[in-house]
Structures are given as structure tokens and as C-alpha cells.
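>>> generate coordinates for the sequence data below:
(2 chains)
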2 protein chains.
Amino acid sequence: MQSKSISIAVIKRLPRYYRYLGELLAHDVVRISSKELSEKMGVTASQIRQDLNNFGGFGQQGYGYQVEYLYTEIGKILGLDKKNNLIILGAGNLGMALTNSTGLQKRGFEVIGIFDINPEVVGTSVRGIPVMHVNELEQFIKTHQVDMAALTVPKAVAPTLAADIVKWGVKAIWNFAPTDLQLPPDVVQENVHLTESLMRLSYKKKAAEEEKK
Amino acid sequence: MQSKSISIAVIKRLPRYYRYLGELLAHDVVRISSKELSEKMGVTASQIRQDLNNFGGFGQQGYGYQVEYLYTEIGKILGLDKKNNLIILGAGNLGMALTNSTGLQKRGFEVIGIFDINPEVVGTSVRGIPVMHVNELEQFIKTHQVDMAALTVPKAVAPTLAADIVKWGVKAIWNFAPTDLQLPPDVVQENVHLTESLMRLSYKKKAAEEEKK
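Reported below is the predicted structural model:
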């Protein structure tokens, strides 16, 4: 699998394919044509064929795609063929939303620890997952398989905390703080900037209103 | 302002410019060159000049950009020069995280109502904002200026609820449910698919590991 040569644009679309294929699978659909998939997903059939051809030979002329096979292969590409252990930094509402997300659990992302500094929550547990003090974070990372860390802490502390967990061995950060983290080249990050997302919605709304005038 | 002719890619970057300019403004920076802004943001200076030239004449050769002016103009393009009223559908952890987000409040997004069906939360209030029953949603939308609705409800109910609020007059939906909503052409949406975001992080991590081999 030549995953390195796949373009960023295709990668961005893969999770969506994975979601649709998972839904088809749940409905016991065995195979699907690019045309049918195209109608469901609202993208062109040629886009689908082009995207999925990146992974070589998944489709068959006049037969369509084997849903389960394609789902499994895309899952492998996305690293979902194994369990991924996640820690949550920040036990606020956002941290709790991630901890309780059934969507994440279904994809094999397992929250193994939650960290905060608030004495009211440290020592409690959520779905059996302990909420620990940030003081315990170094020891925890060094003694557990931590695949990813979700950063749901205030912007002011995010850069320092990110630098610490990277120093202790974390290689992947899911960053919700409204700041861009400067990380070493071997550490990957994915940002979720909620305020920026809402600004884009605001822009689209304004643009749609202006178009109507 | 010819906002209609601006490419989607530029629009996607605008909120980030807005964030950086806001930070500069908070530090009393009056003007900045494209080179300095480029170093801060980690994009090329020519990209910045090209992006900001879309809005015409904001920069001056050898002088740089006037931070406050540029911040204000981009704010107008993004529709942030007025207050935007937001309702939150779903009073779970995610809905509460959005309700309590100071980032949204600072940008003029004001939560004016929260809706749920859970009898334990209906009738309570958060920061003075009432949590109402979904039964009251139609009446509320018809009697209030609702600019946007954040959909933080389970996937199974999201499409029906979205269709209802659109029927009652909502024109912009911030969708957190892991499904693509089919909406009329005059209704805009912005999706935040958290599980897909984490899958992208998983892909990046896997790709980085393979590169090291």
C-alpha cells in the first residue's frame, strides 16, 4: 500500500468514505456501484473512482465495490485496524463530550485517562475512567501506551502542556485550543478550531444573504 | 467588497488571519509586514499578500498592514461586525461546551436559548440562558432573531430536527451530528465531524510511523 503518495485532499475525504461504508455495512449492503455511492455521498462517480483507485483494485467493472472489503482496507489506511488509546487533557464539557462519544468508541478510540487540575473533579471517574491530576501525567504517559492526546485546555496553557507531553513521548495531538502548536517534525497534530468553524458558517450565511439581494 | 468572487480556499483561511490579527491587536501592535505575519503564521509572505489582496488595498508597500483596519475589514467579511444569535440544540456536554465558550462570546456569537428533551435539564438555566423543551422550539424561532443553530443531537434525530428548524426559519446550521444534512439551497451549513477529525489524526500518525521505517 503506497499510502505516502496519496494526496492530502484524498486523505481528507477518506473518513467520510469510511463513515458511509460503515453505514452500508450496518444495513447489510454487500456491494455498491460508484454511481450509487456517488448519489448517496453527493460527489461525482468519477471522483469516487479516482479517489478509491488510489488504493488499487478495490472496484470491479460492472460489479461495483465490495463494501466490507473496502471498509476494512480504508480502516487499515486510517490506522483503525487496531485500538488507539487516547488521553483527554481537560475534564471540562468538551473533554467530557469526547470521553462519552460513542462515535469514537465505535472506531476503536479508547479513552484511558482524563487529566485536570480542578480539585472538584480530580479523583472522580467517568465510565470507569479515572480523572487524574496533571501532576500524574508524566508518570502515566511513561507507563501506558498513549497513542493520542486530546488537548481541551485553555489557550494560555496549551503550548506548555503540549511541549511537556511530547517530551514524555506523545506523538499525536488532537488540539482543541484556539492556538497553533509548534511541535517537532515527528509529532503530528490535527486541529479543531470551533470558533473558526462558526466564523466560516457566519461567512457563508452573509454570502448567501448578499446573493439574494 | 466583491466577497462573492473570493475562493473557498481563501475563505477557509480568513478566520485564522482574523485570530492572529486579534492577538496582535490585543498586544497593541499597530502594523505588521507580510513577512512578519508570515513568520508568525507559518505560511509564505506571498501567500499572505495574495490572500489579503483579495480585499483590495489593505497593505502598503514598505509600510505593511494596518492591524486594526485589516482586523475590522476581515471581521466585516466574516459577518462579525454585528452580534449573531445562536441557539443550541442538545444540552449535553458538547452543547454546554459551546454555550460556555468564551471564544464564541468574544466574537459576538451569543447563545440565546438551549433546547433538549431531558426532563432533568429542561427548566434549568446556564449563565442565565434558559434550557427549554424542544416542544417550545418552533415558537421560540418564530419570535426571536435566531441567526444560527448548533445541532449537537444524536445522529438519528438530526435530519428531522434540521428539517423542522429550517421550516421554522433558521438559515444557518452548525452541524455536529455525524451525518450530512440535506438542506434547501438557501440554507447554509458547516459541519464539525469530530470522529472524522480524529481519524485524520490517526492517519497522520500512521503515515509518520511508516515514514520512519
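>>> where does chain A have low pLDDT?
A:1-5, A:55-62 (pLDDT under 70).
>>> go through the longest strand along chain A and flag the buried ones.
For chain A, the longest strand by residue count, based on DSSP state E, is strand A:109-116. For strand A:109-116, a neighbour-count test (16 or more other CB atoms under 10 Å in any protein chain shown) marks A:109, A:111, A:112, A:113, A:114, A:115, A:116 as buried. Just so you know, the C-beta spots here come from the backbone N, C-alpha and C atoms, and that holds for glycine as well.
>>> so that strand, near chain B or not?
Yes: using CB under 8 Å from any CB of the partner chain, we find that strand A:109-116 touches chain B at residue A:109.
>>> could you do stretch A:7-14 as well?
Yes: for stretch A:7-14, a contact with chain B is found by CB under 8 Å from any CB, at A:11, A:12, A:14.
>>> buried ones among those residues?
So, by 16+ other CB under 10 Å, the buried ones in these are A:11, A:14.
>>> quick revisit: next, give me the two most distant ones among the buried residues of strand A:109-116.
A:109 and A:116 (19.6 Å; CB to CB).
>>> ok so, going back, residues in contact with the longest strand of chain A?
Contacts to strand A:109-116, defined as CB atoms under 8 Å, 6 or more residues apart in numbering or on different chains, come from residues A:83-92, A:95, A:98-99, A:104, A:122, A:126-127, A:129-134, A:136-137, A:140, A:144, A:146, A:148, B:195, B:198, B:202.
>>> C-terminal to that strand, what's the next element?
strand A:125-126 (DSSP states H and E).
>>> tell me who's in contact with the nearest residue to residue A:92 once chain neighbours are set aside.
Leaving aside its sequence neighbours, residue A:92 sits nearest to residue A:152 (CB to CB, 6 or more residues apart in numbering or on different chains; 6.2 Å). Neighbour list for residue A:152: A:88, A:89, A:90, A:92, A:94, A:95, A:98, A:176, A:177 [criterion: CB under 8 Å, 6+ apart].
>>> next step: those restricted to helices.
Counting by DSSP state H, the contacts of residue A:152 place A:94, A:95, A:98 in helices.
>>> and of those, the nearest to chain B?
residue A:94 (4.1 Å; CB to the nearest CB).
>>> circling back to that earlier point, quick one: the residue nearest to residue A:92 and residue A:193, what's the gap?
Shown here: residue A:152 relative to residue A:193, a distance of 12 Å by CB to CB, to the nearest Å.
>>> joint contacts of these two?
residue A:176.
>>> buried residues in stretch A:91-105?
Quick answer for stretch A:91-105 (16+ other CB under 10 Å): A:91-101, A:103-104.
>>> do the same with stretch A:127-147
Applying 16+ other CB under 10 Å to stretch A:127-147 flags A:129, A:131, A:132, A:134, A:137, A:140, A:141, A:146, A:147 as buried.
>>> pretty sure the fourth one contacts residue A:118?
Same thing as residue A:134. No: Residue A:134 sits out of contact with residue A:118 when judged by CB atoms under 8 Å, with a separation of 10.0 Å.
>>> any chance you could map the helices in chain A?
Assigned by DSSP H, the helices in chain A fall at A:8-26, A:34-41, A:45-53, A:67-77, A:93-99, A:102-106, A:137-143, A:158-168, A:194-212.
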